[in-house]
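In: The following block contains a protein sequence and its predicted model.
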Amino acid sequence: MRRIRNAKVVATLGPSSSSREVINDLFLAGADVFRLNFSHGTHEDHAQRLTEIRAVEKQHGRPIGVLLDLQGPKLRIGAFAGGKVSLSAGDKFRLDLSEADGSARRVHLPHPEIFAALREGSELLLDDGKIRLRVDSRGEDFAETTVLNGGPLSNRKGVNVPDVMLPLSAMTEKDRRDLEFGLELGVDWVALSFVQCPEDVREIKKIVNGRAGVIAKLEKPAAIQSLDEIVREADAVMVARGDLGVEMPAEQVPSLQKQIIRACRKAGKPVIVATQMLESMIASPVPTRAEASDVATAVYDGADAVMLSAESASGQYPVEAVQMMNGIIKRTESDPLYHDAIEASHTPPNQQVADAISNAVRHIAQLLKVPAAVAYTSSGYSALRMARERPAVPIVGMTPLESTARRLALAWGVHAVLCQEVEDVVEMTDLACQTVLKEKFGSSGLSIVISAGLPFTVAGTTNLLRIAQIH
């Protein structure tokens with residue numbers, strides 16, 4: 001089975017999509033990677049879903065990626081005496097450490113680290129930005145604020161602090177437990193929420209220690225200020241537009257999305273665009289025209305993957321949502337303007353051997369009209385550097401490691417194939433030709449272009465380019 005497209009589909013599993021039957025339908029509809037959202041569900045729920053994913057993978061003989069998404073330090077207010085209050089612009093409102101039930105004058109905020117970081121004039125956003133407060137004064141255990149945007153406010157709504165770098169680790173104790181559990185299960189990717197700085201990524205990478213790829217979720221303004229450094233540290237990046245759109249003005253999100261995609265493409269790191277892509281399909285069998293355009297825009301920009309959240313996890317039409325996303329990608333990539341856009345947004349390669357070879361592969365593929373480019377890789381590095389170049393032909397990522405094949409399910413244009421280990425270049429070349437033939441990318445008599453690294457077992461050593469004819 002092969003996808004006739006380059007961009008990948010990430011589908012979140014949940015109550016609407018936990019059975020093997022539905023997971024199988026989602027895979028057949030176009031899902032390449034399944035997301036396990038650890039903000040919801042129990043360890044047992046997620047373990048069962050992963051078991052079903054692996055059964056579907058075995059049934060179809062195709063590597064499927066699994067992404068564990070950590071909840072992160074979600075900040076929330078306490079409860080109100082009546083469960084709910086109404087705030088009006090101009091009201092004075094206090095946040096403090098008192099655990100007493102809240103009122104229209106004050107509420108519990110159990111996060112002393114927020115009070116320590118606030119300054120006069122700082123803003124606080126409550127309930128996904130619907131309520132906006134300005135800090136008038138603060139102490140170690142309180143903040144006196146003025147309501148700028150009012151409205152109803154109920155128990156335990158979320159708090160965002162957009163213009164302040166909070167002294168918080170991106171990982172809570174819950175995240176650490178979830179991370180170890182997921183790594184023991186054998187997930188392929190781990191997404192770290194609320195990344196603020198490169199140190200957040202380095203911290204989780206030490207714990208993961210190569211057992212999975214690390215995705216930095218960009219949803220804090222502070223992360224944008226350190227964008228290039230975070231991209232350099234992470235294995236992949238997610239444009240998490242939900243909280244990003246709360247903490248920054250909505251009109252800034254489209255340009256930030258393009259900026260992040262551009263930075264990831266330049267670095268050769270996979271990038272996922274996420275949140276509200278087909279939101280209306282939670283309750284409708286068809287999306288709005290604006291949503292279809294939103295997905296297409298990410299594809300035109302060259303994103304590696306687009307993601308469904310509640311649409312596939314808890315919506316009424318999970319399979320239809322994946323089918324729609326698959327269809328939008330295919331239609332967009334068949335547009336001649338898509339190829340022009342990808343070509344126009346290409347950035348020069350880095351001055352290193354791997355990029356020189358991958359850039360040469362791109363030009364050879366175009367000049368010789370080869371049906372596929374092959375990257376023989378143990379770590380996935382050769383395939384990812386080739387994907388960075390966005391060649392006009394499919395990339396066959398051949399690897400003897402199951403974990404690498406599953407991670408490559410996220411990468412743009414890569415058709416991952418699990419294969420035997422090889423001992424020399426002749427054996428690798430023969431195997432590449434056989435694989436292209438078997439996977440129906442090319443026929444006998446056509447040429448293919450191959451990249452690899454010698455010695456084969458050493459990661460990150462792309463140093464070989466070969467052109468071979470399929471027999």
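Out: Looks like it came in fine. Since we're looking at a predicted model, the values are computed, not measured. Numbering: from 1, shown residues only.
In: Pull out the buried positions in the helix or strand of the chain with the lowest mean pLDDT.
Out: Across the helices and strands of the chain, mean pLDDT, DSSP states H and E gives its lowest value to helix 241-247, namely a mean of 89. Neighbour counts using 16 or more other CB atoms under 10 Å place 241, 243-247 of helix 241-247 among the buried residues. For the C-beta atoms, the positions are set from N, CA and C on the backbone; glycine is no exception.
In: for these, which one is nearest A365?
Out: R241 (33.3 Å; CB to CB).
In: That closest one contacts E279, correct?
Out: No - if you go by CB atoms under 8 Å, R241 and E279 don't touch, sitting 10.9 Å apart.
In: sorry, back to before: which SSE is immediately downstream of the least confident helix or strand of the chain?
Out: Note on helix 241-247: by DSSP states H and E, the next helix or strand toward the C-terminus is helix 253-267.
In: I'd like the distance from that following helix to the chain centre, please.
Out: Centroid separation between helix 253-267 and its chain, computed with CA atoms, centre = their mean, to the nearest Å, is 13 Å.
In: and it, what does it pack onto?
Out: Contacts defined by 3 or more CB pairs under 8 Å, 6 or more residues apart in numbering; DSSP states H and E place helix 253-267 against helix 221-225, helix 227-233, strand 236-240, helix 241-247, strand 271-274, helix 289-300.
In: And this structure, split by domain according to the record?
Out: 8-73+170-335, 84-160, 353-469 (automatic domain parsing).
In: R2 is nearest to which of those?
Out: Comparing the domains of the chain by their distance to R2 (CB to CB), the top pick is domain 353-469, with 5.5 Å.
In: What's opposite the closest residue to A298 other than its chain neighbours in the beta bridge?
Out: Once flanking residues are discounted, A298 sits nearest to V273: 4.1 Å by CB to CB, 6 or more residues apart in numbering. Beta bridges link V273 to V239, V306 when assigned by DSSP bridges.
In: V273 contacts R241, correct?
Out: Yes - V273 is in contact with R241 according to CB under 8 Å; the separation is 7.5 Å.
In: shared neighbours of the two, which are they?
Out: Shared contacts of V273 and R241, defined by CB atoms under 8 Å, 6 or more residues apart in numbering, are found at Q257.
In: Which residues are in contact with the nearest residue to E99 once chain neighbours are set aside?
Out: Counting by CB to CB, 6+ apart, E99 lies nearest to H108, which is 5.6 Å off, once chain neighbours are set aside. By CB under 8 Å, 6+ apart, the contact set of H108 is 77-79, 95-100, 102.
In: right, and out of the residues you listed, which lies closest to A236?
Out: A236 has its nearest neighbour among these in I77, at 32.8 Å by CB to CB.
In: Go ahead and confirm the closest one touches V107.
Out: Yes - using CB under 8 Å, I77 is in contact with V107, at 5.0 Å.
In: intersection of neighbour lists for these two?
Out: Counting by CB under 8 Å, 6+ apart, the residues touching both I77 and V107 are 95, 153.
In: quick one on the thing from earlier: of all the helices and strands packed on helix 253-267, which lies closest to I53?
Out: Nearest to I53, of those and by CB to CB, is strand 271-274 at 17.8 Å.
In: Just the buried positions in the closest one, please.
Out: The neighbour-count check on strand 271-274 (16+ other CB under 10 Å) flags 271-274 as buried.
In: what's the answer for stretch 254-266, then?
Out: For stretch 254-266, burial by neighbour count (16+ other CB under 10 Å) applies to 256-258, 260-266.
In: got a markdown table for those, with distance to H60 and pLDDT too?
Out: Listed next are the buried residues of stretch 254-266 as a markdown table, based on distance: CB to CB, whole Å; pLDDT from 0 to 100:
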| residue | distance to H60 | pLDDT |
| --- | --- | --- |
| L256 | 37 | 96 |
| Q257 | 32 | 97 |
| K258 | 35 | 97 |
| I260 | 32 | 98 |
| I261 | 30 | 98 |
| R262 | 34 | 97 |
| A263 | 34 | 98 |
| C264 | 29 | 98 |
| R265 | 30 | 98 |
| K266 | 34 | 97 |
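In: quick revisit: quick one, which of the domains of the chain is nearest to A341?
Out: Across those, closest to A341 is domain 8-73+170-335 (CB to CB), at 4.9 Å.
In: and the closest one, how far apart are its ends?
Out: 17 Å (CA to CA, to the nearest Å).
In: Show me where the stretch 301-450 of the chain has its strands.
Out: Secondary structure of the stretch 301-450 of the chain (DSSP state E, counting those that start in this stretch): strands at 305-308, 373-376, 395-399, 414-418, 447-453.
In: Can I get the fourth one in PDB, CA atoms only?
Out: Which is strand 414-418. Coordinates of each C-alpha in strand 414-418 appear next as PDB, following Å, rounded to 0.1, in the frame of the first residue of the first chain:
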ATOM      1  CA  VAL A 414       8.900   9.300   2.400                       C
ATOM      2  CA  HIS A 415       7.500   5.900   1.700                       C
ATOM      3  CA  ALA A 416       9.100   3.900   4.500                       C
ATOM      4  CA  VAL A 417      10.000   0.200   3.800                       C
ATOM      5  CA  LEU A 418      11.400  -2.200   6.300                       C
END
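In: Sort out which residues of the longest helix seen in the chain are buried, please.
Out: Determined from DSSP state H, the single longest helix within the chain is helix 43-60. Neighbour-count burial for helix 43-60 flags 45-46, 49-50, 52-53, 56-57 (criterion: 16+ other CB under 10 Å).
In: tell me which of those is nearest to P162?
Out: Using CB to CB, H46 comes nearest to P162 of the buried residues of helix 43-60, at 31.0 Å.
In: where's the closest one relative to I64, distance?
Out: 15 Å (CB to CB, to the nearest Å).
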